[in-house]
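1. All I have is the shape, not the residue letters:
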């Protein structure tokens, strides 16, 4: 079972992103504040769960969380400032939407730029260690999948309803045949 908190008394928000390795679409971040004593047996890193489990857990998180913030960085922003900086920008945007403001951010991974007036702790593989980061990973992943499934209706050739923008054989072949869209990250290797 994952840990419910990093400190005994600070208001903590878990922060994670989804979509860094994609060829298309935004990078999406989420920040989640859970109650201090929150426990859940199968809440874990979104990558260890199937789509149905993630959707069920998202409903649970939305019911139990004290606050949830979601932030995006567009493909154009990714191309301008690079994927790492865009991921951090999306995380900051997610934190901005939290109320009440947390006192400590638990960041999944090892890179982050300090958010004004809030302490942070970078935790490698944090989504497999802390419930709040796991919750953020699930919110970010389900939100991003929903966005890409919607874009798939507009751009049907790329199979975004199944690959959600990740580099797959089908996605690369569609780029060769149909070219790229405004949703593709032009700074990424697209062929």
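-> Received the coordinates, thanks. Small disclaimer: the values here were computed from a predicted structure and weren't measured.
2. mind listing the strands in the chain by residue range?
-> 12-18, 27-33, 67-73, 104-108, 119-123 (DSSP state E).
3. between those strands, which gets nearest to residue 5?
-> Closest of these to residue 5 is strand 12-18, at 5.8 Å (criterion: CB to CB). For the C-beta atoms, the positions are set from N, CA and C on the backbone; glycine is no exception.
4. Buried residues in the longest helix seen in the chain, which are they?
-> For the chain, the helix that runs over the most residues, judged by DSSP state H, is helix 131-154. Neighbour counts over helix 131-154 (16 or more other CB atoms under 10 Å) mark 131-145, 147-148, 151-152 as buried.
5. can you check stretch 103-121 too?
-> Buried residues in stretch 103-121, counted by 16+ other CB under 10 Å: 104-109, 112, 115, 118, 120.
6. Adding distance to residue 19 and pLDDT, write those out as a markdown table.
-> Shown next, in a markdown table, are the buried residues of stretch 103-121 (distance: CB to CB, whole Å; pLDDT from 0 to 100):
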| residue | distance to residue 19 | pLDDT |
| --- | --- | --- |
| 104 | 25 | 98 |
| 105 | 20 | 98 |
| 106 | 20 | 98 |
| 107 | 16 | 98 |
| 108 | 13 | 98 |
| 109 | 14 | 97 |
| 112 | 17 | 98 |
| 115 | 20 | 97 |
| 118 | 24 | 98 |
| 120 | 21 | 98 |
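7. List the buried residues in stretch 70-77.
-> So, applying 16+ other CB under 10 Å, buried residues of stretch 70-77: 70-75, 77.
8. any chance of those in JSON lines, plus distance to residue 127?
-> Below are those laid out as JSON lines (distance: CB to CB, whole Å):
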{"residue": "70", "distance to residue 127": "16"}
{"residue": "71", "distance to residue 127": "17"}
{"residue": "72", "distance to residue 127": "19"}
{"residue": "73", "distance to residue 127": "19"}
{"residue": "74", "distance to residue 127": "24"}
{"residue": "75", "distance to residue 127": "24"}
{"residue": "77", "distance to residue 127": "23"}
